[in-house]
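J.: Here is my input, please return the structure:
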Amino acid sequence: MVNVVYRAYLLPLTSYLLPNKMANLKEIRSRISSVSSTMQITAAMKMVSAAKLKKAQDAIVAMKPYAYKLKQLLEHLSAALGDENVYNPRKGEVRKVLLVPITSNRGLCGAFNASVIKKALELEQTTYKDKQVRLYTIGKKGNDVLKKYDNIIAHNSEIFDKLTFATAATLAEELMELYTSGKYDQIVLVYNSFKNAATQILTEETFLPIQPIATTKTNNKELNTDYIYEPSKQEIVEELIPRSLKTQLFKALRDSVAAEHGARMTAMHKATDNAQDLKNELILTYNKARQATITGEIIEIVGGSEALA
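T.: Residues are numbered from 1 along each chain as shown. Here you go, the predicted model:
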């Protein structure tokens, strides 16, 4: 009698639970399918970034030694030219500063863009808190966030559509004009420098004025040497120094692009691994739920047959 009552109670209970089990199974299957699709996308993006990184890495690795040596030459030349160089530091206090944060046009690259934005705001609130600070944003992602602060004078995101020396030179000329016209006393680049695929170094670099090399006991004689210039000093100031500055900006942009691809590849690799872990957990949950459903169905069949016996 007790057994009959127990079976009679169990039958409606299992009938109530089974539809929910089936709904849960369907939901879990849907989630597994969704995670699998996401994993395929992240894996594809990782492969694309890896291919682009190889090209960008080769370009910046080949360019860095040249740009570094050119910067050293520029510092020596600026120290020798003195006040004849319009790109040297002006006399008096620095009052107006232009920050140039270089971000990307696309996301899904970890903290790549956030770190540059955070650094730009940090510089504005600490290092240059007593200065008049304005922003010239390069890259869509940085502009989307920083435009809320109403201190952006210009924005350029098209430069990454086709990054060449010519497009970088046009931007460099615009920045040089902002400095030589006296609108700003200092122009600072903020960007991620490429170290390797997994590491990007947040860099703050003074673009203008050119910082003349400091005089020390070892280089004092060299700096005081009376050079014979060919071509003339005027031609050097008008041609060589601007070209060197254009190269420095082009190097920074290329550096940022290589760092972006490295950051995106690393982020997509982690996303793919996390998706695989989640998929494994969902499959385990699905198997447990399916086993519970099967067990419930067996109990229902056994209970039904015993009730009829």
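
J.: what ranges do the strands span in the stretch 151-300 of the chain?
T.: Using DSSP state E, counting those that start in this stretch, the strands of the stretch 151-300 of the chain run over 152-156, 186-196, 199-208.

J.: closest to residue 42 out of those strands?
T.: For the strands of the stretch 151-300 of the chain, the distance to residue 42 is smallest for strand 199-208, at 19.5 Å, taking CB to CB. Every C-beta, even on glycine, is put in place using the N, C-alpha and C of the backbone.

J.: Just checking: what are the partner strands of that closest one?
T.: Each strand paired with strand 199-208, and its direction, by DSSP bridges: strand 186-196 (antiparallel).

J.: The partner strand - what's its average pLDDT?
T.: Strand 186-196 carries an average pLDDT of 95.

J.: and that strand, how far from the chain's centre?
T.: Distance of strand 186-196 from the chain centroid (CA atoms, centre = their mean, to the nearest Å) equals 11 Å.

J.: Grab the most central residue of this structure for me.
T.: Taking CA atoms, centre = their mean, the centroid of the chain lies closest to residue 112, which sits 2.4 Å from it.

J.: Reformat the strands of the stretch 151-300 of the chain into JSON lines and put mean neighbour count next to each item.
T.: As requested, the strands of the stretch 151-300 of the chain are exported to JSON lines (neighbours: other CB atoms under 10 Å):
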{"stretch": "strand 152-156", "mean neighbour count": "16"}
{"stretch": "strand 186-196", "mean neighbour count": "21"}
{"stretch": "strand 199-208", "mean neighbour count": "17"}
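
J.: that older thread, what's the closest non-adjacent residue to the residue nearest to the centre of the chain?
T.: residue 263 (4.0 Å; CB to CB, 6 or more residues apart in numbering).

J.: so how far is residue 28 from the residue nearest to the centre of the chain?
T.: Between residue 112 and residue 28 the distance is 34 Å, computed by CB to CB, to the nearest Å.

J.: before we move on, what about residue 91?
T.: Distance from residue 91 to residue 28, by CB to CB: 72 Å.

J.: which one of these two has more residues nearby?
T.: Ranked by neighbour count (other CB atoms under 10 Å), residue 91 and residue 28 place residue 28 first, with 18 against 6.

J.: How is the chain partitioned into domains?
T.: According to automatic domain parsing, the chain is divided into the following domains: 2-46+279-308, 57-267.

J.: ok now the last one, how far from the chain's centre?
T.: Looking back up the chat, that one is domain 57-267. Averaging C-alpha positions (CA atoms, centre = their mean) puts domain 57-267 17 Å from its chain's average.

J.: what distance separates the start and the end of that domain?
T.: End-to-end distance for domain 57-267: 17 Å, by CA to CA, to the nearest Å.

J.: Repeat that for stretch 72-89.
T.: Its first and final residues considered, stretch 72-89 spans 16 Å by CA to CA.

J.: which non-adjacent residue is nearest residue 131?
T.: residue 97 (4.8 Å).

J.: How about residues contacting stretch 30-49?
T.: With contact meaning CB atoms under 8 Å, 6 or more residues apart in numbering, stretch 30-49 is reached by 108, 261-262, 264-265, 268-269, 271-272, 275-276, 278-279, 282-283, 286.

J.: Now it: buried residues?
T.: 32, 35, 38-39, 42-43, 45-46, 49 (16 or more other CB atoms under 10 Å).

J.: all helices for the stretch 1-150 of the chain, in order.
T.: 2-81, 112-125, 140-146 (DSSP state H, counting those that start in this stretch).

J.: Nearest to residue 296, out of those?
T.: Counting by CB to CB, residue 296 lies closest to helix 2-81 out of those; the figure is 5.0 Å.

J.: roughly how far is the closest one from the heart of the chain?
T.: Relative to its parent chain, helix 2-81 has a centroid offset of 16 Å by CA atoms, centre = their mean.

J.: about what we covered before: I'd like to know which of the helices of the stretch 1-150 of the chain lies nearest to residue 307.
T.: Of all the helices of the stretch 1-150 of the chain, helix 2-81 sits nearest to residue 307, with 5.3 Å by CB to CB.

J.: quick one: that closest one to strand 186-196, angle?
T.: Following axes from the mean of the first three to the mean of the last three CA atoms, to 10 degrees, one obtains 130 degrees for the angle between helix 2-81 and strand 186-196.

J.: Of all the residues in stretch 276-287, which ones are buried?
T.: Within stretch 276-287, the residues scored as buried using 16+ other CB under 10 Å are 279, 282, 286.

J.: So which bits of stretch 83-90 are buried?
T.: Quick answer for stretch 83-90 (16+ other CB under 10 Å): 85-89.

J.: With stretch 253-271 instead?
T.: Within stretch 253-271, judged by 16+ other CB under 10 Å, the buried ones are 253-269, 271.
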